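Enquirer: Any chance you could fold what I've pasted below:
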Amino acid sequence: MRRAGIAILVLSLIIALDLPETGADEAAAQLLVDQGTELVSAGEIDAARRIFETALIEQTGYVPALLGLAEAELARGDHDLAMSLLDDCLDREGDAGLTRAGRAAVAKARKLYRKSDRPRLELREVLHRFIGRLLELEAGARGKDPALARRCLRRILAVSPAHAEAEKRLRELPPEAGAAQGDSSEAPASNRTELFNGKDLNGWFVDARIWKTANGAIVARPGSDPSFVECNTQLSSPATIEIELRAGGALEGGNLIGVLLSMAGPDAYAIAFLSDGFALVRQADNAVRMQKKTPYSVIPGFSPREWHTLRIEVNGGSLKASVDGTEILTVSGLADDALTGSMGLWAQRVPLEVRRVSLLK
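Expert: Numbers count the residues shown, from 1 in each chain. Down below sits the predicted model:
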């Protein structure tokens with residue numbers, strides 16, 4: 001019933017792609033990486049990119065696939081995207097669960113990074129040491145001087161806005177004296193309800209074949225059909241939702257990630273990350289209408305594959321959405337209950353990772 005309505009909503013937004021069937025097995029992902037590498041060598045770059053993206057659906061964050069996709073992007077001349085993918089590889093350096101193939105891919109990614117953009121690699125390493133020192137300073141100050149600890153974490157977030165550890169530590173600090181009620185990072189615990197416990201999907205209605213938890217995050221590995229997960233906590237107005245999310249692959253064509261609102265109502269609204277921008281869409285009477293769209297360029301350097309905080313504020317018939325503090329979409333004049341009720345997440349063809357879902361009152 002309502003699930004069918006949401007499927008219509010998402011299907012109406014996509015363009016079907018011809019991708020191989022997917023699973024969640026590392027050996028299958030490695031076979032795809034081998035195929036993609038051969039295609040790159042043969043100069044068939046577009047086909048190779050599709051294979052590497054499919055490998056990332058097989059296993060989210062698989063480093064050899066990230067490396068292969070980076071090499072393909074370099075071959076087609078997209079230097080910035082290639083460097084972003086190499087950043088993703090190097091971010092996995094030192095992971096305890098990294099396989100031998102993963103460690104080899106990280107080492108090769110570092111060599112490729114040095115060859116392609118040595119100054120950027122050197123800057124990355126300087127930044128990494130700077131952040132490490134601030135984390136050490138914050139840890140020493142945490143129990144003695146919370147104000148100093150807070151300043152350290154905010155300096156990290158000023159240079160690395162999606163730094164997961166700094167965000168986590170900042171949330172754990174006691175609220176700053178006189179902090180504004182609207183400051184979500186300092187919101188009192190009594191005003192914030194965490195809808196994801198970082199361990200399992202209790203409180204969510206899920207298709208366990210697609211939606212799982214891994215490394216403290218909700219992870220979706222969808223196939224060709226749209227897939228969504230619904231939270232059993234109901235949204236009432238006024239309220240604010242904060243979700244930390246990222247795409248596990250390139251958002252091209254029919255690849256989508258997003259947040260669904262009012263899933264049980266006559267209309268369904270969704271905030272989507274599309275291939276080229278953010279969008280607010282509405283489904284009514286089995287028809288989908290794009291309400292608003294904002295290009296990614298409103299946030300300099302924005303990449304859907306990096307961690308971002310999506311904040312959705314609902315107040316009566318008004319909605320305001322922002323990403324990392326930058327307003328992206330607003331709408332008003334809707335029915336007072338148009339945006340309340342069930343909420344959820346969706347993914348289409350591309351993996352979705354979500355590490356925090358918070359409801360603020």
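Enquirer: tell me, what residue is most central in this protein?
Expert: residue 246 (1.1 Å; CA atoms, centre = their mean).
Enquirer: my guess is that one is in a strand, correct?
Expert: Yes. Under DSSP: H, G, I helix; E, B strand; the rest coil, residue 246 sits within a strand.
Enquirer: I'd say residue 75 and residue 40 touch.
Expert: Yes. Look at residue 75 against residue 40 with CB atoms under 8 Å: they come within range, at 6.2 Å. The way it works is simple: take the backbone N, C-alpha and C, and place the C-beta from them, glycine included.
Enquirer: related to what we said a few turns ago, burial check on the residue nearest to the residue nearest to the centre of the chain when sequence neighbours are not counted, number of neighbours?
Expert: In this structure, residue 246 finds its nearest non-sequential neighbour in residue 307, 4.9 Å apart by CB to CB, 6 or more residues apart in numbering. If you count neighbours by other CB atoms under 10 Å, residue 307 ends up with 20.
Enquirer: isn't residue 307 right next to residue 355, touching?
Expert: Yes. Assessed by CB under 8 Å, residue 307 is found in contact with residue 355 at 7.4 Å.
Enquirer: Give the residues shared as contacts by the two.
Expert: The contact sets of residue 307 and residue 355 overlap at 164, 244-245 (CB atoms under 8 Å, 6 or more residues apart in numbering).
Enquirer: Dump these into a markdown table; add distance to residue 118, pLDDT and neighbour count as well.
Expert: Output for the shared contacts of residue 307 and residue 355, formatted as a markdown table (distance: CB to CB, whole Å; pLDDT from 0 to 100; neighbours: other CB atoms under 10 Å):
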| residue | distance to residue 118 | pLDDT | neighbour count |
| --- | --- | --- | --- |
| 164 | 27 | 75 | 14 |
| 244 | 32 | 92 | 20 |
| 245 | 32 | 91 | 24 |
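Enquirer: which residue packs closest to residue 134, ignoring adjacent ones?
Expert: residue 152 (4.6 Å).
Enquirer: Could I get the contacting residues of that neighbour?
Expert: 134-135, 137-138, 141.
Enquirer: Which of those residues fall within helices?
Expert: Of the contacts of residue 152, the ones assigned to helices by DSSP state H are 134-135, 137-138, 141.
Enquirer: Neighbour-wise, give me the winner out of those residues.
Expert: Top of the ones in helices among the contacts of residue 152 by neighbour count (other CB under 10 Å): residue 138, with 24 neighbours.
Enquirer: right, and it touches residue 149 too?
Expert: Yes. Applying CB under 8 Å as the test, residue 138 and residue 149 come out as touching, 4.6 Å apart.
Enquirer: shared neighbours of those two, anything?
Expert: Common neighbours of residue 138 and residue 149 (CB under 8 Å, 6+ apart) are residue 169.
Enquirer: out of the ones in helices among the contacts of residue 152, who's nearest residue 33?
Expert: Distance to residue 33, by CB to CB, is smallest for residue 135 among the ones in helices among the contacts of residue 152, at 33.1 Å.
Enquirer: what's the neighbour count on the closest residue to the closest one other than its chain neighbours?
Expert: Nearest residue to residue 135 in three dimensions, chain neighbours excluded: residue 165, at 6.7 Å (CB to CB, 6+ apart). Applying other CB under 10 Å, we find 13 residues neighbouring residue 165.
Enquirer: Quick one: low-confidence residue ranges for the stretch 201-350 of the chain.
Expert: Applying pLDDT under 70 to the stretch 201-350 of the chain picks out residues 224, 263-267, 284-288.
Enquirer: if you set the cut-off to 50 instead, what comes out?
Expert: Nowhere does the stretch 201-350 of the chain drop to pLDDT under 50.
Enquirer: now the strands: where do they sit in it?
Expert: Listed in chain order, the strands of the stretch 201-350 of the chain (DSSP state E, counting those that start in this stretch) span 204-205, 211-214, 217-220, 227-235, 239-247, 256-261, 268-273, 277-284, 287-295, 308-315, 318-323, 326-331, 341-348.
Enquirer: Can you name the residues bridging to the residue nearest to the centre of the chain?
Expert: residue 353 (DSSP bridges).
Enquirer: check contacts around it.
Expert: So residue 246 contacts 162, 304-308, 352-353 (CB under 8 Å, 6+ apart).
Enquirer: Going by neighbour count, which of those comes out on top?
Expert: Within the contacts of residue 246, most neighbours by other CB under 10 Å means residue 352, with 29 neighbours.
Enquirer: so it makes contact with residue 244?
Expert: No. Counting by CB under 8 Å, residue 352 stays clear of residue 244, with 11.6 Å between them.
Enquirer: Report the two of the contacts of residue 246 separated the most.
Expert: 162 and 352, at 15.5 Å, using CB to CB across the contacts of residue 246.
Enquirer: Assess the claim that residue 340 and residue 238 are in contact.
Expert: No. Judged on CB under 8 Å, residue 340 makes no contact with residue 238 at a distance of 9.8 Å.
Enquirer: related to what we said a few turns ago, any idea which of the contacts of residue 152 is closest to residue 212?
Expert: Using CB to CB, these come closest to residue 212 at residue 135, 29.1 Å.
Enquirer: which ones are touching that closest one?
Expert: 152, 156, 165-166, 169.
Enquirer: burial count for residue 301?
Expert: Here the number of neighbours of residue 301 (other CB under 10 Å) works out to 10.
Enquirer: Against residue 31, how distant is it?
Expert: For residue 301, the distance to residue 31 (CB to CB, to the nearest Å) stands at 34 Å.
Enquirer: picking that back up, so which of the contacts of residue 152 would you say is closest to residue 97?
Expert: residue 135 (21.3 Å).
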